[in-house]
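> Pasting the sequence and the predicted coordinates here, then a few questions.
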Amino acid sequence: MFKFHFKRGLVFGVLGALTGFLIAWFTPKVYEATAEMLLGEATVASSQMTLTADVQRILEVGQASDANTELQVLRSQTIFFQALRKAASARNDENLVRDWVRLYLMYDVLTPEQRVTQQDQGSVAMIRVRANDAKLAEEIAQAVTEVYNDLRTQNGRQGLQNAMRYLSAQESATKKALDEAETKYKDYATANGIVNIDVTTQAATQLESNALTRLNEAKAQAAGASAEVTALESSMSSFPAKVSNGSLVQKPTELQQLEGQRGELIRKRAELSVRYYDDHPRMKEVNDQIAKIDSEIKSVKSRGLEQVSRNTDQINPTRQAMEQQLAIARSKRDSLQQQVNEAEAAYTSQQNRMKSLPNDERMIRQFRRELEVADGNYRRVKAQLDELKSRQQTGIRVTPVLSDAKAYIEPVAPDRGKFIFIGLIAGLCIGLIYSFVVEGMKLRVHTSQQLADLTGLPVVATIPALGRGKQKGLASYTKPGAKPGESFRHMAYTFLAKNHEFPRTMMFTAVGNAVGRTSSAVQFGIALANAGTKVLIVDCDPVRGLASKAFGAEARSGLSEIFNKSTLSNESGDVFASTVHDNLLVLPIGTDPSKTLADRSVAQLESVMDFLKSQAEVVIFDCPPCDMFADASRIAGLVDETCMVVSASTTNYNQIPNGYEILHRAGSKEVNLVLTDASANEEAFGDATKYSRGA
């Protein structure tokens, strides 16, 4: 049984391995290309801390705040799709863009820590692109680095422009404040002839100066924060809330500039409203400029220059960062306004204190303080603006590319070894399942009673299945004192009890490869011989010759020599081999097994059959399986009884009627069954073993 399972499993395993090999062979090969970039290097901070925090925040709009953010942007569909479109454009193959989803699923950006510990950390990022073409994978990986740096450059330039507009507005305001303070100081000093400040008022003046300085700084910062909010709100309109996988919605540069100018004018009008009424000429001039800008914006929008994306939308990371920046700027503006209120209260208190001083002295000191504060504010804004202009000349820093894209020569998929191994294991499993199902569907018999009930034929003897190592070999019955099984003794005594006329012939055959056929013939012959009957066992199996080998007569003359003689005389008696058992002789197969019983003529068979009957009272023929060879059919009509041996472990029930039909058609007079490998727990001899142990 195990042999059948092993063979079937092996065959299916080989087929499974072959199937896995074919699948791997015909599966398109996948090649991999990689490039490395250094994350977290690009920065907008000044080494000399020239730029203030509000300018720094404007510069950081649209830029990744840390390495992890850069990593997420690199992994985004937008970056990959733009890189793929760039590679497709270089190849002039737009079909690649249609296949972008499949290629994106094989795209990833890894870090050294992620490769080792499966944690997302920023540092050196390895861009990994996989495609069915090594060159294409290399081109896409290279395009990813270029597209990402282009995006960083574009955002950096936009932030730089916003910061310069913000500082330009502050420069105009501070320069104007400086000019006004200087004019006031000179005019008042000239009109009143004031040259020196009295030392006695120095302490009070210093306190007032400090309060005024804090107030002016708070106002300047508040004005700058308000301008920052206005600039961010104006710039944010150029960044849509969502972008497609392929392209972003952008406004024309002309429209962006107009909206920026409008924001600056609104900020300027807010500053003037503190000093002048709405009907003041300067207020009217600013309102006229705002109306003119609104007219130009409306004209630009009417020309329909905005670009609209047709692809799937996703959240715009740049606008999202600007919204966060705007929220921070608004919070800062409110905080600075509170500081202005507090500074104004402190300054008012100090002014009340200065009322006790001579009016001229107080006024000249106030004008000088205003001049110093205005000069400091102007110099600070001018220095920041010069720093940004320098950056505009030197360029925007981008993410360094440590290694250009390079494709591996060998494909990374499919793994043929893995496919073959999986196919082998799957084939083995399927083969074993198939084998067990096939064997399980076969109807088998396990006891003599079951066999008799199913076939309607008598079961005259059984041989138990004693397990490996316990079953007696055929040679053990050829030794002195060997006893046959109890079931064969029953068979022999039942046979003798019928008072048959002697001589009588019997044939033992089998169906399929049932074991125990020759053993059954030998045990039955020994049981008859022990009962005093002269028995002759004839080995008619030229293929195996088990009876001849068991009695050590395989090299002797035998049945073939009797058939080859033209006449049969008493001298032929030397072909019979004697045994250790009284009354038992064996006729070996002979030295010429080329011809079987099926090759003999009727006259030869009848002549030999008569001769053998003259040599013993019972002649037992050991023939090959009746459904595999024709030998049993050849003499079935010439013998008195036929015993068909079946196995409870290897014989399928469907084979038994087939064998019986063969023998019946061949002329068998009486067919009995012998069951081998029977269940020791369900047969009567099982109780006999227990009986002997309990004695």
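Nice, I can see it. Remember, it's a predicted structure, so these values are computed and weren't measured experimentally.
> quick one, what contacts Lys389?
Met164 (C-beta atoms under 8 Å, 6 or more residues apart in numbering). To be clear about C-beta, it is placed using only N, CA and C from the backbone, and glycine gets the same treatment.
> I misspoke; the intended subject was Asn658.
511, 627.
> Does it belong to a helix, a strand or coil?
Secondary structure of Asn658, reduced to three states by DSSP: H, G, I helix; E, B strand; the rest coil: helix.
> what separates it from Leu675, distance-wise?
Remark: distance between Asn658 and Leu675 (C-beta to C-beta, to the nearest Å) = 17 Å.
> mind checking how far the longest helix along the chain is from the chain centre?
For the chain, the helix with the greatest residue count under DSSP state H is helix 134-192. Offset of helix 134-192 from its chain centre (C-alpha atoms, centre = their mean, to the nearest Å): 50 Å.
> between whatever helix or strand comes next after that helix and helix 134-192, how many degrees?
Counting by DSSP states H and E, the next helix or strand C-terminal to helix 134-192 is helix 202-236. Relative orientation of helix 202-236 versus helix 134-192 (axes from the mean of the first three to the mean of the last three C-alpha atoms, to 10 degrees): 140 degrees.
> Now do the buried residues in helix 202-236.
Of the residues in helix 202-236, 204-205, 208-209, 211-236 count as buried by neighbour count, 16 or more other C-beta atoms under 10 Å.
> residues in contact with the nearest residue to Glu344 once chain neighbours are set aside?
Spatially, and ignoring its direct neighbours in sequence, Glu344 is nearest to Leu215 (5.9 Å; C-beta to C-beta, 6 or more residues apart in numbering). Contacts for Leu215 were tallied using C-beta under 8 Å, 6+ apart; they are 340, 343-344, 346-347.
> can you do 10 Å?
Counting by C-beta atoms under 10 Å, 6 or more residues apart in numbering, Leu215 touches 339-348, 350, 373.
> ok, and the most crowded of those?
Val373 (23 neighbours; other C-beta atoms under 10 Å).
> burial count for Lys7?
12.
> helix or strand for it, which one?
helix 2-26.
> quick one: buried residues of that helix?
Those would be 5, 8-9, 12-13, 15-17, 19-21, 24, for helix 2-26 by 16+ other C-beta under 10 Å.
> Check which helices and strands the next helix or strand after it sits against.
Beyond helix 2-26 on the C-terminal side, the first helix or strand identified by DSSP H and E is strand 31-38. Where contact means 3 or more C-beta pairs under 10 Å, 6 or more residues apart in numbering; DSSP states H and E, strand 31-38 is packed against helix 67-75, strand 108-110, strand 124-131, helix 134-192, strand 401-407.
> helices or strands next to the third one in the packing?
If I follow you right, that is strand 124-131. Packed next to strand 124-131, using 3+ C-beta pairs under 10 Å, 6+ apart, are strand 31-38, helix 67-75, helix 77-91, helix 100-105, strand 108-110, helix 112-117, helix 134-192, strand 401-407.
> looking at the ones you listed, which one has the lowest mean pLDDT?
Per-stretch mean pLDDT for these is lowest at helix 112-117 (a mean of 56).
> Can you get me a residue count around Phe551?
By other C-beta under 10 Å, the residues close to Phe551 number 24.
> Am I right that it is in contact with Ile589?
No - Phe551 is beyond contact range of Ile589, at 11.3 Å (criterion: C-beta atoms under 10 Å).
> quick one on the thing from earlier: kindly indicate which of the buried residues of helix 2-26 lies nearest Ser519.
Closest approach between these and Ser519, by C-beta to C-beta: His5, at 25.8 Å.
> Which secondary structure element is home to the closest residue to that closest one other than its chain neighbours?
Leaving aside its sequence neighbours, His5 sits nearest to Ser435 (C-beta to C-beta, 6+ apart; 4.6 Å). Applying DSSP H and E as the criterion places Ser435 in helix 416-441.
> Now that helix: buried residues?
419-420, 422-424, 426-428, 430-432, 435.
> any idea of the mean pLDDT for that helix?
On average, helix 416-441 scores 79.
> The closest residue to Glu171 other than its chain neighbours: neighbouring residues, count only.
Leaving aside its sequence neighbours, Glu171 sits nearest to Val381 (C-beta to C-beta, 6+ apart; 4.9 Å). Residues lying near Val381 (other C-beta under 10 Å) number 24.
> Ok, Gly590 next?
Quick note: Gly590 (other C-beta under 10 Å) scores 24 neighbours.
> mind checking which of the helices and strands packed on strand 31-38 is nearest Gln324?
Using C-beta to C-beta, these put helix 67-75 closest to Gln324, at 11.5 Å.
> by contact count, what packs against that closest one?
By 3+ C-beta pairs under 10 Å, 6+ apart, helix 67-75 packs against strand 31-38, strand 108-110, strand 124-131, helix 134-192, helix 317-354.
> Tell me which of the ones you listed lies nearest to Pro503.
Comparing the helices and strands packed on helix 67-75 under C-beta to C-beta, the one sitting nearest is strand 31-38, at 86.5 Å.
> got the CA coordinates for whatever helix or strand comes next after that closest one in PDB?
Following strand 31-38 in sequence order, the next helix or strand is helix 53-60 (DSSP H and E). What follows is helix 53-60 as a C-alpha-only set of coordinates in PDB (Å, rounded to 0.1, in the frame of the first residue of the first chain):
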ATOM      1  CA  ALA A  53      11.200  83.500  12.800                       C
ATOM      2  CA  ASP A  54       8.300  84.900  10.700                       C
ATOM      3  CA  VAL A  55      10.400  85.000   7.600                       C
ATOM      4  CA  GLN A  56      11.700  81.500   8.300                       C
ATOM      5  CA  ARG A  57       8.100  80.200   8.400                       C
ATOM      6  CA  ILE A  58       7.300  81.800   5.100                       C
ATOM      7  CA  LEU A  59      10.400  80.100   3.500                       C
ATOM      8  CA  GLU A  60       9.400  76.700   5.000                       C
END
